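# turn this into a model:
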Amino acid sequence: MKPAKHILPVIVVSQFLCTSLWFAGNGVIGDLINQFGLAPNALGHLTSAVQFGFIAGTLVTAILTLADRFSPSRLFILSALLGAGANLGVLWDGNTLGSLLVFRFLTGFFLAGIYPVGMKIAADYFDKGLGKSLGYLVGALVLGTALPHLLKDLTTAIGWQTVIFTISGLAVLGGTLILTLIPDGPFRKASQGLQLNTISRVFKKPEFRKAAFGYFGHMWELYAFWTFVPVILTDFSAGRDLGWPGGQQPSLTIPVLAYIIIGIGGIACVLGGYLSLKFGPRRIAFLALLSSGICCLLSPWILSQSSYLLLLLFLLIWGMVVIADSPLFSTLVAGNAAAANRGTALTIVNCIGFAITIVSIQLLTALHTRSDSTAIYLILGLGPLFGLLAMKTSKK
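Purely as a prediction, here's the structure:
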């Protein structure tokens, strides 16, 4: 029996509304710096705090197998409420950098009950065609991730406090939609009690490991690329004729361009999901990872050219292929885990994947600080290379 027509749209909308919490602080970072007297490098610290919080949250959730032992919908709403509350902590007048880091860490911690749990809810409803469903779901995450780049422009028209209030309100709305409209799915199989060896058991399956390793390679590249899109645009624009057709300079600001380049990946996720129905998730994931690896190799040459139009076209393509494989890897992970362990499997893979992003972001940041060479982006190609080698012998 097919799920009701409202199931997937509600999950997707809820995922978008709740994951907007992720980079809420980034969207108003200039105001936070002015309001609380922070150093200019506070952005990096606050962003890392959310990532560390998410890693800690997914680790705890996976070890305690929360997404498999308890109702995913109730875990989702609880996490949304707590995440929204932690986000509101940014508004406290007595904040210092330390307290802001705590609030952002807690926001990331509770996001662990939103993003992977949202995928678990989708897997409980869509036994077949999961790749298409997760394509929409990850596409929603992409748009939520890109949103702060637009908020940077909006904060001049509305107060930054209003932005924070709005994002927390959206998260509460998203959690409420899940609780009221999405009961536990027909394919959900509850885990029987606390099993601390679940993580080791899921990794014993060879096909699961290959899917997970492919995802890890993908994550090495993904968030580092997203982080450096504005940096690439800024570096390219500095002191050069952008070569825009007709001699006109583009009217779009770098934050808006970054939003478009990152956000277009949402379309790629949906497209990849539909292609997976015909060609299989493994094949499409492999091709997307190969394509993003090629972009890594081409980046030094493209970034050294003088055409701004060529750069934007290249970044748009890279922005699509760098994320198109993400829902498909999650599909492969879910498909190679037992139903009773699916939530834990998705959560622990997310945990490790996001831990990897911190390493690649910090490494690329260090390279960028020490060198102005465009060759530094070649380092991102190590992720696709590792993932492709891991997937090479995978059968499905």
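# dump the residue contacts of the closest residue to Ile317 other than its chain neighbours.
Closest residue to Ile317 apart from its sequence neighbours, by Cβ to Cβ, 6 or more residues apart in numbering: Cys295 at 6.8 Å. Backbone N, C-alpha and C define where each C-beta goes, glycine included. Contacts for Cys295 (Cβ atoms under 8 Å, 6 or more residues apart in numbering) come out as 314, 317-318, 321-322.
# low pLDDT regions in the stretch 51-200 of the chain?
For the stretch 51-200 of the chain, applying pLDDT under 70 flags the ranges 148-149, 151-156, 187-198.
# which stretches of it form helices?
Using DSSP state H, counting those that start in this stretch, the helices of the stretch 51-200 of the chain run over 66-69, 72-88, 97-111, 115-125, 130-154, 160-181, 198-202.
# by contact count, what packs against the shortest one?
In this structure, helix 66-69 makes packing contacts with helix 115-125, helix 342-370, judged by 3 or more Cβ pairs under 8 Å, 6 or more residues apart in numbering; DSSP states H and E.
# break the protein into its domains for me.
7-190+198-202, 206-391 (automatic domain parsing).
# what distance separates the start and the end of the last one?
From the first residue to the last, domain 206-391 extends over 11 Å; the measure is Cα to Cα, to the nearest Å.
# could we number from 211 for the rest of this?
All right, first residue 211 from here; so that's domain 416-601.
# what's the model's confidence in that domain, averaged?
Averaging pLDDT along domain 416-601 gives 88.
# how far out from the middle of the chain is it?
The chain centre lies 11 Å from the centre of domain 416-601; the measure is Cα atoms, centre = their mean, to the nearest Å.
# over to stretch 336-354?
Relative to the centre of its chain, stretch 336-354 is centred 12 Å away, using Cα atoms, centre = their mean.
# now do the longest helix along the chain against helix 340-364, angle only.
Longest helix of the chain, by residue count under DSSP state H: helix 416-447. Angle of helix 416-447 versus helix 340-364, following axes from the mean of the first three to the mean of the last three Cα atoms, to 10 degrees, is 30 degrees.
# picking up where we left off before, dump the contacts of Cys505 to JSON lines, plus distance to Pro326, neighbour count and secondary structure.
JSON lines is the format used below for the contacts of Cys505 (distance: Cβ to Cβ, whole Å; neighbours: other Cβ atoms under 10 Å; DSSP: H, G, I helix; E, B strand; the rest coil):
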{"residue": "Phe524", "distance to Pro326": "32", "neighbour count": "20", "secondary structure": "helix"}
{"residue": "Ile527", "distance to Pro326": "28", "neighbour count": "18", "secondary structure": "helix"}
{"residue": "Trp528", "distance to Pro326": "25", "neighbour count": "27", "secondary structure": "helix"}
{"residue": "Val531", "distance to Pro326": "23", "neighbour count": "21", "secondary structure": "helix"}
{"residue": "Val532", "distance to Pro326": "20", "neighbour count": "31", "secondary structure": "helix"}
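# nearest to Phe313, of those residues?
Val532 (29.6 Å; Cβ to Cβ).
# list the residues that contact the residue lying closest to that closest one once chain neighbours are set aside.
Excluding the flanking residues, the one nearest Val532 by Cβ to Cβ, 6+ apart is Ser502, at 4.6 Å. Applying Cβ under 8 Å, 6+ apart to Ser502 gives the contacts 428, 431, 528, 531-532, 535, 594.
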